[in-house]
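Q: generate a structure from the sequence data that follows.
(chains A and B, ligands or ions: 1)
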Amino acid sequence: MTDLPTTDLPKTLDVAKIRADFPILQPLQTASDGIERRLVFLDSAASSQHPTQVLDAMNKVYETGYANVHRGVYQLAERATNAYESGRTKIANFIGAPEAAEVIFTKNATEAINLVAGSWGRANLGPGDAVLITMLEHHANIVPWQMLAEEKGFEIRWVPVNESGELILTDLDRLLDGVKLFSFTAMSNVTGTLTPVRQLVDAAHAKGALACVDACQAVPHLPVNVTEWDADFVAFSGHKMLGPTGIGVLWARRELLEAMPPFLGGGGMILNVTTDGFIPDGIPGKFEAGTPPIAEAAGLGAAVDYLSALGMDAIRQHEIELTAYAMRSLTEALGEGLTIHGPSEPAARGGVLSLTLDDVHAHDISQVLDEKAVCIRPGHHCAKPLMRQFGVSATARASLYIYNDRDDVDALTEALVSARDFFAL
Amino acid sequence: MAGLEDLYREIILDHYRSPRNKGELETPPAHKVEGFNPLCGDEIVVYVQTDDDERIVDIKIGGQGCSISQSSASMMSGAVKGKTIAEAREVMFAFKGMMNLHETSIGGDGSESDQSESSEPAETIATAKLKLGDLEALKGVVKFPVRIKCATLSWNTLDQVFDEIQAAD
Ligand SMILES: Cc1ncc(COP(=O)(O)O)c(C=O)c1O
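A: Numbers count the residues shown, from 1 in each chain, chains lettered A, B, ... in the order given. Predicted coordinates for the structure are as follows:
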């Protein structure tokens, strides 16, 4: 892929070629109706699949260079450390971070946000302060603040959303009064809504607040540059961007990280320990207590290489086109009874389609779809405040990625029609 | 392999489309407990009114959910209405037995609980059938382990209502 001549035309994705890289998409699956079918995986917003390039990079660590990182002087330990640290460098380049040391490896995005709350928040928030979040947030960007607010007695405010799942920003300046941190998602995992990140960051800064971006759905699907965002904290997970589970990222500006107290204590995060106390290490070590996810960092580095070779612009273009096709064909096939929550303009959203269908419950829809080897996710998608506002307890969510094509969308549409007919009232 | 018709029996769809005892009761005198299925976001509200002999004189079901949780709640309301709490708990026990949820299998990950019918003592099956009536139709749920929580949501909630009523006495 890298030897392709560069032209001004946006590259398009060769989905058949991409699919060939994903072992799990190869065999025909025996669906629960006993018929062999191609696996139609439409749940990448929950967790994505893995190309052999990622699996190989992880295997290579285990087969040729595995030992605990740092401190070891033998060659194996050095190789493991290099694999781990090269993952960090690749991530830093991928998200436009000024330096690799600002990339902190965590367990996932949830832990990254908990790190911001538990370290920066615990040191900086108290009675009379406020944290601003939005109605679009995943529980991962709600509950850590609620937990800390219980302890510290600050206020939590919410930016409202309209019926299309777009932020209502008319009152933003007033909402930001007295706010120390504005923490918001770059892309909703329920509606696919893309938020105007730079505008929100600027608004926060203008009021003296810091900005934390939940980029869990953005980094896998859009070109992201944390410097262009001018954000203070950015959190995301490896497993939604072709990488393994067990590794996530918190990026933050060096000055902030240096001023913050450690989050977890233990080995690897200290300069010195005596019976009187400890001196924390510099960054990133200060925030990486205990043995880190070593092979996972190598895997995530390979995932980033894979995505970069495809080109994030090309990925975004592919998803806009496929989303537009899906919205069109679903609406044509299912008509009035179908609601696709979120913005109606494909270019204003990611490839996440949260559906409700007449009176058929999302759980029942997914069950019928499973018969046809179509994997979608029913439920509240860890965003209960938003679901409550939409007046639904669950939606059926289909989410698109680089290995999905029109055939997958057609299979989804067909399966939804049969689900509706099966439950017809 | 289990097919959709094992899960979605006609009587289940019937209870889903026209749920029995849907609504609310005034509290007090009735007792009310909300149950949540954290996996899918379903919320169910069970209202129970008992008389001095702990007889269930009225029961209503609120909230929303999938066909399995709604039909299970609907059938449950019919099955326990008019019974005493003690009698209703027997039905509950039989139902949970059908879902393979008795102490012996509790704590399994669901796949373990997919025991074949023949491994159950004939006597248990007979008494369960007697007590369960329509609820028998939910037996197929056992073959779809993730859906067991849907089927038992209303029962667990009812159990809590009973505990509240008895604690209040
Ligand atoms: C927007 C958003 N934020 C946070 C998370 C939490 O990610 P993780 O479970 O990997 O910590 C998710 C994942 O579902 C998400 O979609």
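
Q: okay, CA-based contacts and neighbour counts for the rest of this
A: Fine.

Q: in the longest helix along chain B, what's buried?
A: In chain B, taking DSSP state H as the definition, the longest helix is helix B:148-168. If you call a residue buried by 16 or more other C-alpha atoms under 10 Å in any protein chain shown, then helix B:148-168 has these buried ones: B:148-162, B:165.

Q: ok, of those, which one's closest to residue A:102?
A: Closest approach between the buried residues of helix B:148-168 and residue A:102, by C-alpha to C-alpha: residue B:149, at 43.3 Å.

Q: give the contact list for the closest one.
A: Residue B:149 is in contact with residue B:37, counting by C-alpha atoms under 8 Å, 6 or more residues apart in numbering or on different chains.

Q: do you know how far it is from residue B:40?
A: Residue B:149 sits 10 Å away from residue B:40, taking C-alpha to C-alpha, to the nearest Å as the criterion.

Q: do residue A:209 as well
A: Noted for residue A:209: a distance of 35 Å to residue B:40, by C-alpha to C-alpha.

Q: what of residue B:19?
A: Distance, residue B:19 to residue B:40, by C-alpha to C-alpha: 20 Å.

Q: neighbour count winner among these two?
A: The residue with more neighbours, out of residue B:19 and residue B:40, is residue B:40; 22 against 19, by other C-alpha atoms under 10 Å in any protein chain shown.

Q: where does that one sit: helix, strand or coil?
A: The three-state assignment at residue B:40 reads coil, by DSSP: H, G, I helix; E, B strand; the rest coil.

Q: what does chain A have sitting close to the ligand?
A: A:46, A:108-110, A:138, A:140, A:188-189, A:214, A:216-217, A:237 (C-alpha under 6 Å from any ligand atom).

Q: residues contacting the residue in chain B positioned nearest to the ligand?
A: Closest to the ligand within chain B is residue B:39: 13.2 Å, counting by C-alpha to the nearest ligand atom. Going by C-alpha under 8 Å, 6+ apart, residue B:39 touches A:379-380.

Q: for residue A:220, which non-adjacent residue is spatially closest?
A: residue A:241 (4.5 Å; C-alpha to C-alpha, 6 or more residues apart in numbering or on different chains).

Q: quick check on that neighbour: phi, psi?
A: Note on residue A:241: backbone dihedrals following degrees, to the nearest 10 are phi -130, psi 40.

Q: can you give me the neighbour number for it?
A: Neighbours of residue A:241 using other C-alpha under 10 Å come to 26.

Q: re the thing from before, so what pLDDT did the residue of chain B closest to the ligand get?
A: The per-residue pLDDT reported for residue B:39 equals 72.

Q: distance of it relative to residue A:340?
A: On the measure of C-alpha to C-alpha, residue B:39 and residue A:340 end up 22 Å apart.

Q: just the strands from chain B, written as ranges.
A: Remark: strands assigned in chain B by DSSP state E are B:31-37, B:42-50, B:56-64.

Q: again with the stretch 201-350 of chain A
A: Secondary structure of the stretch 201-350 of chain A by DSSP state E, counting those that start in this stretch: the strands cover A:210-214, A:233-237, A:248-252, A:270-274, A:277-280, A:338-341.

Q: so who does the residue nearest to residue A:220 touch?
A: Shown in contact with residue A:241 (C-alpha under 8 Å, 6+ apart): A:47-48, A:219-221, A:303-304.

Q: tell me which helix or strand in chain A has the weakest average pLDDT.
A: Lowest on mean pLDDT, DSSP states H and E among the helices and strands of chain A sits strand A:29-30, with a mean of 71.

Q: tell me the mean pLDDT for stretch A:229-242?
A: Averaging pLDDT residue by residue across stretch A:229-242 gives 98.
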